[in-house]
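> Build me a model from this:
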Amino acid sequence: MSLQRVTVFGGTGFLGRRIVRHLHDAGFAVRIASRHPDRGRLLFSGDVCGIESVRADVNDEASVATVVRDAWAVVNAVSFYVEHGKRTFQSVHVDAAGRVAMLARQTGVENFAHISGIGSDAGSASPYIRSRGKGEAAVLEGFPTAALIRPAVIFGAGDAFLTPLLTMLRDMPVFPMFGRGETRLQPAYVKDVAEAIARVLRAPAARHPYELAGPHVYTYQALLRTIAATAGKRPFLLPFPFRLWHVIGYLAEILPSPPLTRNQVELMEKDNLPNPDAPGFEALGISPQAIEDILPQLMQRPKEAADP
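Numbers count the residues shown, from 1 in each chain. Prediction:
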């Protein structure tokens, strides 16, 4: 019997490559659809079979239709933080997401999972947060039975959140915080999120949005102290106004690979907590791992950015 095939858009990204691995381990045949298929082949070159990497552009209907046509399910994990030219939040998070969902339904795909984020809001003043909310609506219009996956802030080896914080807290005796460090977070481990997506596809009857958050709630200040303590450091945590962070984010976006963006600053201005009424990891039989469980691994292997 042939394996059920899942096409993953964004399968070479930080979360996407873990999704690919967990789907493969769950017994699915996986097709990575990206503009740079060589990256997928490089990441999973050790796999004899079960994972293929092909070229597709979410902005091109013909290529999308080709890679979803014989798929049993599709996962859309495409996301980014900085707009460049024609690659805007509207074009990627909204238009492309709706296009992939519509073509998946039209070609007979049975299941669709769309990765969004906790706090997505089509009415938000933030262009990034607004586009994620509008993207969810576009997906449901194109594929009404799609499963929406809303992770909290995601951490893991090679991430853009915990790993940079660990590096900076090791090296900086004075550390500037976002505001007074009072924003509340409930970070989720990347491999737990990937496993959750694999389980959602195996139980497609549950169509309500899943909000995936870790086991502990931290204030940003408490989180920094937890990370620093693991590294054996006690930096002075300096409150720093959000309005100045917005300026820094604006200037940083000029760089080819900005360490911070205005959209990331906007995300840090609001609590990032799940809706208590939304199903999460527990509904999928997963006991999420805490930051304290993973930090020792990151301390030993701080450059494990390519671990799929």
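> Tell me where the stretch 1-150 of the chain has strands.
5-9, 29-34, 51-55, 73-76, 111-115, 147-151 (DSSP state E, counting those that start in this stretch).
> and those, which is most packed in?
Sort those by mean neighbour count, taking mean count of other C-beta atoms under 10 Å, and strand 73-76 sits at the top with a mean of 28. From N, CA and C alone the C-beta is placed, and that goes for glycine too.
> Show me what the helix or strand just after that one is packed up against.
Where DSSP states H and E defines the elements, the next helix or strand beyond strand 73-76 is helix 89. Judged by 3 or more C-beta pairs under 8 Å, 6 or more residues apart in numbering; DSSP states H and E, the packing partners of helix 89 are helix 127-142.
> could you give the angle of the helix it packs on to strand 147-151?
160 degrees (axes from the mean of the first three to the mean of the last three C-alpha atoms, to 10 degrees).
> Wait, a strand at P176?
Yes - assessed with DSSP: H, G, I helix; E, B strand; the rest coil, P176 lies in a strand.
> can you tell me how far it sits from Y250?
16 Å (C-beta to C-beta, to the nearest Å).
> for A138, same thing?
On the measure of C-beta to C-beta, A138 and Y250 end up 28 Å apart.
> The two: who's more crowded?
Neighbours were counted for A138 and for Y250 using other C-beta atoms under 10 Å; A138 has more, 23 against 14.
> so that one makes contact with V92?
No - under the criterion of C-beta atoms under 8 Å, A138 makes no contact with V92, lying 11.2 Å away.
> Report the mean per-residue pLDDT for stretch 245-262.
Mean per-residue pLDDT for stretch 245-262: 89.
> ditto for stretch 44-51
On average, stretch 44-51 scores 71.
> Quick one: end-to-end distance for that stretch.
In stretch 44-51, first residue to last residue: 7 Å (C-alpha to C-alpha, to the nearest Å).
> try stretch 118-131
13 Å.
> Quick one: mean pLDDT for that stretch?
93.
> Point out where the stretch 1-150 of the chain drops to low pLDDT.
1-2, 46-48 (pLDDT under 70).
> Report the separation between D271 and R262.
With C-beta to C-beta as the criterion, D271 and R262 are 19 Å apart.
> Among those two, which residue is more densely surrounded?
The residue with more neighbours, out of D271 and R262, is R262; 22 against 15, by other C-beta under 10 Å.
> Could you list which residues are in contact with the more buried one?
Taking C-beta atoms under 8 Å, 6 or more residues apart in numbering, we find R262 in contact with H246, G249, Y250, E253.
> need the strands for the stretch 201-308 of the chain, in chain order.
210-212, 218-219, 236-240.
> Contacts for the shortest one next, please.
Going back to what we said before, that points to strand 218-219. Contacts for strand 218-219 (C-beta under 8 Å, 6+ apart): G181, E182, T183, R184, L185, Q186, P187, T226, I291.
> which residues touch the fifth one?
What it means is L185. A152, V153, V217, Y218, T219, Y220, L223, D271, N272, L273.
> Can you add pLDDT and distance to N59 and give those residues back as TSV?
As requested, the contacts of L185 are exported to TSV (pLDDT from 0 to 100; distance: C-beta to C-beta, whole Å):
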residue	pLDDT	distance to N59
A152	97	29
V153	95	28
V217	98	38
Y218	97	38
T219	98	40
Y220	97	36
L223	97	37
D271	95	34
N272	94	29
L273	97	33
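> And the residues you listed, which two are furthest apart?
Across the contacts of L185, the longest distance by C-beta to C-beta is 14.3 Å; it joins A152 and T219.
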